[in-house]
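# sequence first, then the predicted structure, then my questions.
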Amino acid sequence: MNIGLIGLEKSGKTTIFNTLTGRSAEISEYVSQKAEPNVAVVDVLDERVMKLSELYRPKRTVHATIEFVDFVGVSAGAADQGVFSGEAMQMIKSADALSIVVRNFNDEVIDQTHGAPQPIADLETITTELLLADQIVAERRLERIQADLQRGKKTPTLQAEQKLIERVVEHLGNGGPVRDLALNPDERKLLSGFQFLTAKPVFVILNSSEEAYAAPGGPAEAISERCPVVEFAGNFEMELSRLEDPAEREAFMEEFGITESAQSRLTTFAYHTLGYISFFTVGADEVRAWTIRKGETAVDAAGAIHSDLARGFIRAEVFTYDDIIEHGSEKAIKAAGRFRVEGKSYIVQDGDIINVRFSV
């Protein structure tokens, strides 16, 4: 899974990026000329993986990962100037999800340049920019289709695409994101090539000051009516993540009412909000966590491991994390009748342990 961090200039995206990844990317109160995004991959720390590793004692243990991409801040009215296009933005178009970072903190320098924090208005601005960027892409494609039709290239496929893109243009023009369009599988497949930004799952990170964090009547509740939201005290939690003494870190967290690290909270939030689950493969060589979307099948899980497994899929041998913890061994699981053989259409559940049988 990879998540693109986007937001207006000086929203504190890079502070959030550093908090989540443990990196030390440069932060500035002033305008930066940096165009390349910051990128980091972090492990999804899942206690189940460690328990499985204790049981199997493999040669290596591999956690699932999340890639965070921190993009340059966006200026209002910038979508038609190429902010959501070009080489750098191909990364954001390939992101699995977008996280909009909005500012909920005061800073003397930033306030002078960008005004007081207005998180709800900032969210509306970014949402409008995403809609505009997609509308430009859709309208340009529609123009090319119409030109092809006028030249006599009147195929059923092109006519079907024309009708679909016309729906997209109208929907975007009415302020609706592509993800809210009712689409059949063929239409989704056709639109996937456009990598529309508003087709992606989106959630908000509310970047608050220590004083504003979790304050009654804060903007988090209003934002949650529009979009899933998670709140961080960005600067405080970045400094917290850099403390080397675990006891000192835990003391500060307890004092501030934080029960988990920012990375752990966002991972849990992202999995739940974006509809991801984890399944595991186990053995003497490797214990590994894999990430797929909720509702995907055994064949999808096989493909997440390797395309050959999906192509030559025969069956999936399945038991659960809870099974192995309760019974202690695969032999005991089989004796208890908890070992299952599933076919291609089996819907994988969070915590499944899967061994794929295949032939290519």
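Perfect, I can see it now.
# measure Phe319 to Ile353 for me?
From Phe319 across to Ile353, the span is 5 Å (Cβ to Cβ, to the nearest Å). (Glycine included, C-beta is placed from N, CA and C.)
# and the helices in the stretch 151-300 of the chain?
In the stretch 151-300 of the chain, the segments counted as helices under DSSP state H, counting those that start in this stretch are 156-173, 185-192, 219-224, 234-241, 246-256, 262-274, 298-305.
# could you do the stretch 1-150 of the chain as well?
For the stretch 1-150 of the chain, helices defined by DSSP H, counting those that start in this stretch occupy the ranges 13-21, 47-56, 86-93, 108-114, 119-150.
# so which of the ones you listed is nearest Val360?
Evaluated over the helices of the stretch 1-150 of the chain, closeness to Val360 peaks at helix 47-56, with 26.3 Å, by Cβ to Cβ.
# which helices and strands sit right next to the closest one?
strand 60-62, strand 276-281, strand 286-293, helix 321-327 (3 or more Cβ pairs under 8 Å, 6 or more residues apart in numbering; DSSP states H and E).
# and the contacts of the host helix or strand of Lys334?
Element membership for Lys334 (DSSP states H and E) is helix 330-335. Under the contact criterion Cβ atoms under 8 Å, 6 or more residues apart in numbering, helix 330-335 has outside partners Phe319, Asp323, Ile324, His327, Phe339.
# still on that earlier bit, please identify the most buried of the helices of the stretch 1-150 of the chain.
Relative to the other members of the helices of the stretch 1-150 of the chain, helix 13-21 carries the highest mean neighbour count by mean count of other Cβ atoms under 10 Å, namely a mean of 26.
# lowest mean pLDDT across the helices of the stretch 151-300 of the chain, which one is that?
Within the helices of the stretch 151-300 of the chain, confidence is poorest for helix 246-256, with a mean of 84 (mean pLDDT).
# now it against helix 234-241, angle please.
150 degrees (axes from the mean of the first three to the mean of the last three Cα atoms, to 10 degrees).
# can I get the CA coordinates of helix 246-256 in CSV?
Below are the C-alpha coordinates for helix 246-256, written out as CSV (Å, rounded to 0.1, in the frame of the first residue of the first chain):
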residue,chain,number,x,y,z
PRO,A,246,11.2,4.4,25.5
ALA,A,247,10.3,5.2,29.1
GLU,A,248,10.6,8.9,28.4
ARG,A,249,8.5,8.6,25.3
GLU,A,250,5.8,6.6,27.1
ALA,A,251,5.7,9.2,29.9
PHE,A,252,5.1,12.0,27.4
MET,A,253,2.5,10.0,25.6
GLU,A,254,0.6,9.3,28.8
GLU,A,255,0.7,12.9,29.8
PHE,A,256,-0.7,14.0,26.5
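# show me what that helix is packed against.
Counting by 3+ Cβ pairs under 8 Å, 6+ apart, the packing neighbours recorded for helix 246-256 are helix 234-241.
# any idea how far Leu158 is from the residue in the chain sticking out farthest from the centre?
Farthest-out residue of the chain from its mean C-alpha position, per Cα atoms, centre = their mean: Gly152, at 42.3 Å. With the distance defined as Cβ to Cβ, Gly152 ends up 11 Å from Leu158.
# residues contacting the nearest residue to Tyr321 once chain neighbours are set aside?
Closest residue to Tyr321 apart from its sequence neighbours, by Cβ to Cβ, 6 or more residues apart in numbering: Gly351 at 4.1 Å. Counting by Cβ under 8 Å, 6+ apart, Gly351 makes contact with Arg48, Ile277, Ser278, Phe279, Phe280, Thr320, Tyr321, Asp322.
# if we go to 7 Å?
The neighbourhood of Gly351, defined by Cβ atoms under 7 Å, 6 or more residues apart in numbering, consists of Arg48, Thr320, Tyr321, Asp322.
# who wins for neighbours among those?
The most crowded member of these, judged by other Cβ atoms under 10 Å, is Tyr321 (21 neighbours).
# any idea how far Lys344 is from that one?
23 Å.
# cool, and Ser224?
Between Ser224 and Lys344 the computed distance is 38 Å (Cβ to Cβ).
# Arg265 now?
If you go by Cβ to Cβ, the gap between Arg265 and Lys344 works out to 36 Å.
# and Pro219, by the same measure?
In this structure, Pro219 and Lys344 are separated by 46 Å, where distance is defined by Cβ to Cβ.
# neighbour count for the two, which is higher?
Ranked by neighbour count (other Cβ under 10 Å), Pro219 and Lys344 place Pro219 first, with 23 against 14.
# I'd guessed that one sits against Ile120; true?
Yes - taking Cβ atoms under 7 Å as the contact criterion, Pro219 and Ile120 are neighbours in contact, 5.7 Å apart.
# contacting residues for Glu317?
By Cβ under 7 Å, 6+ apart, Glu317 lies in contact with Val341, Asn355, Arg357.
# so the first one bridges to which residues?
Okay, so that is Val341. When bridges are called by DSSP bridges, Val341 pairs up with Glu317.
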